[in-house]
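> Predicted model, plus sequence, below.
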Amino acid sequence: MGESAATQETVTVTILDKEYRVACTDEERAELQASARLLNERMSRIRASGSVIGLERIAVMAALNIAHELIQAKAELTRVPLEQEMLDRLQDKVQSALSKIDPNEA
């Protein structure tokens, strides 16, 4: 997993009924197990659909789906500050326009 000065341990995860031994730190263990559960669930779903045959193809399809979701999530995170900045500018323009209105004219 990650490169760290922390002590590495070997964790066994199961994906599509196959066990894989992965080295990780104790701090990474829970994330590794969660990642393996997610991958197993996605691969199981793809295999159950019957539309993809072969372990390698199932793994590639699952990886592509997860990568796509990651890209979408990153894009959404970059859009949120931009949208907030646009709202802040709009609010400034509204406040500026309102301050120019003479209350006696209304």
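Now that the structure is in, tell me what you want to look at. Numbering: from 1, shown residues only.

> Let me see the backbone angles for Tyr20.
Backbone geometry at Tyr20, expressed as degrees, to the nearest 10, gives phi -130, psi 140.

> mind starting the numbering at 364 from now?
New numbering, starting at 364: the last item is Tyr383.

> where along this protein do the strands fall?
Along the chain, the segments classed as strands by DSSP state E run 371-378, 381-388.

> what's the neighbour count on Gln434?
Not quite, residue 434 is Ile, not Gln. Look at Ile434: counted by other C-beta atoms under 10 Å, it has 10 neighbours. (Each C-beta comes from the backbone N, C-alpha and C, glycine too.)

> can you tell me how far the residue sitting nearest the centre point of the chain sits from Glu419?
For the chain, the residue sitting closest to the mean C-alpha position, by C-alpha atoms, centre = their mean, is Leu433 at 3.9 Å. Counting by C-beta to C-beta, to the nearest Å, the gap between Leu433 and Glu419 amounts to 21 Å.

> same question, Val374
Between Val374 and Glu419 the computed distance is 23 Å (C-beta to C-beta).

> Kindly report the same for Gln447.
43 Å.

> now stretch 409-425: how far from the chain's centre is it?
Computed by C-alpha atoms, centre = their mean, to the nearest Å, the chain-centroid distance of stretch 409-425 equals 21 Å.

> so where's the protein shaky on pLDDT?
By pLDDT under 70, the weakly predicted segments of the chain are 364-368, 465-466, 468-469.

> Let's see that with 50 instead.
Per-residue confidence for the chain (pLDDT under 50) gives these ranges: 367.
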